[in-house]
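Student: test case, fold it:
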Amino acid sequence: MTYTRYVALGDSQTEGLGDGDDVLGHRGWADRLAEHLAAANPGLLYANLAVRGRTAARIRDEQLGAALELRPDLATVMAGMNDVIRPGFDAARVAGVLEEMFEALTGAGAHVVTVTFPDIGRIAPLARPLVPRVLDFNERVRKAAARHGVTLVDTYPLEYVTDARMWSVDRLHASPMGHARFAAGVAHALGLPGSDDTWMAPLPALPPPGRWRAAAAEARWLATFAGPWIGRRLRGRSSGDGRAAKRPSLTPVA
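Tutor: Numbering: from 1, shown residues only. Here you go, the predicted structure:
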């Protein structure tokens with residue numbers, strides 16, 4: 001299929017955190033996918049409306065209208081993880097917000113792609129109590145995607161997705177390898193020329209870390225990343241405060 005107008009909606013993963021920096025810019029899986037799309041579809045225009053820290057409802061409220069105005073023939077929607085990790089998470093409500101976006105975008109003629117989330121308890125052991133939330137949410141997203149003909153990239157069954165090499169040191173955002181693998185997964189789901197199922201191949205095994213090294217790593221992560229995140233939540237702040245989309249308009253892929 002030929003695509004001419006790709007619009008990405010989402011939060012920090014789609015913005016590209018973990019693949020670049022705030023000085024030189026973030027690349028991320030959506031930019032990588034746009035490059036793959038442009039290779040197969042010369043003249044492709046691409047917009048990325050994602051902003052870090054956004055919950056599903058804010059993505060709907062702030063990005064959906066803008067996306068519809070851009071009249072995409074391809075849209076990606078990645079939302080919900082910032083809801084999963086917050087107190088008071090309601091899987092039915094958040095999945096319902098995603099379904100609103102699916103319905104609006106597909107109703108406007110866009111081919112929509114979405115994703116399930118991996119086992120976050122294997123990425124950050126302190127997040128294990130949240131795994132039932134992920135399982136509940138993923139199942140609701142699968143059903144909503146099926147109802148609206150949305151292409152689903154199901155990452156949860158893939159064990160390698162929780163490998164530390166797929167994630168940046170904050171364990172919240174994909175590493176460059178993780179972004180590249182996921183972009184390849186979406187390209188494969190779309191059947192783009194040059195794509196295949198190698199994105200699903202397991203990574204070479206690494207020796208397990210010693211008990212004390214693992215404990216020290218958990219302590220460093222808690223102090224460096226989890227602690228500041230909790231502090232922002234207690235102050236009612238978000239990492240996305242004052243930030244805007246990096247590509248709010250459809251422009252050629254450079």
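
Student: show me what contacts A164?
Tutor: By Cβ atoms under 8 Å, 6 or more residues apart in numbering, the contact set of A164 is 123, 171. For the C-beta atoms, the positions are set from N, CA and C on the backbone; glycine is no exception.

Student: got the confidence number for it?
Tutor: Listed pLDDT for A164 reads 88.

Student: if I look at G20, how far off is L37?
Tutor: Using Cβ to Cβ, to the nearest Å, one gets 19 Å for the distance from G20 to L37.

Student: ok, these two, which is more surrounded?
Tutor: L37 (22 against 16; other Cβ atoms under 10 Å).

Student: my guess is the more buried one contacts Y3. True?
Tutor: Yes - the pair L37 / Y3 is scored as a contact, 5.7 Å apart, by Cβ atoms under 8 Å.

Student: all strands for the stretch 1-150 of the chain, in order.
Tutor: In the stretch 1-150 of the chain, the strands defined using DSSP state E, counting those that start in this stretch lie at 5-10, 20-21, 25-26, 45-48, 74-78, 111-115.

Student: quick one, which of the ones you listed is nearest to T55?
Tutor: Nearest of the strands of the stretch 1-150 of the chain to T55, taken as Cβ to Cβ: strand 5-10 at 11.1 Å.

Student: low-confidence ranges, the stretch 151-254 of the chain, go.
Tutor: The model of the stretch 151-254 of the chain has pLDDT under 70 over residues 209-241.

Student: which stretches of it form strands?
Tutor: For the stretch 151-254 of the chain, the strands defined by DSSP E, counting those that start in this stretch cover 151-153, 247-252.

Student: give me the neighbour count for P252.
Tutor: Neighbours around P252, by other Cβ under 10 Å: 11.

Student: and the gap between the nearest residue to it once chain neighbours are set aside and L70?
Tutor: Take P252 and drop its neighbours on the chain: the residue closest to it by Cβ to Cβ, 6 or more residues apart in numbering is L45, 6.3 Å away. Counting by Cβ to Cβ, the gap from L45 to L70 is 8 Å.

Student: now for the two: what residues contact both?
Tutor: 5, 250.

Student: isn't T55 up against N82?
Tutor: Yes - applying Cβ under 8 Å, one finds T55 in contact with N82, separated by 5.0 Å.

Student: hey, what's in contact with both of these two?
Tutor: Counting by Cβ under 8 Å, 6+ apart, the residues touching both T55 and N82 are D11.

Student: out of those two, which sits in the busier spot?
Tutor: When neighbours are counted by other Cβ under 10 Å, N82 comes out ahead of the other of T55 and N82, with 24 against 20.
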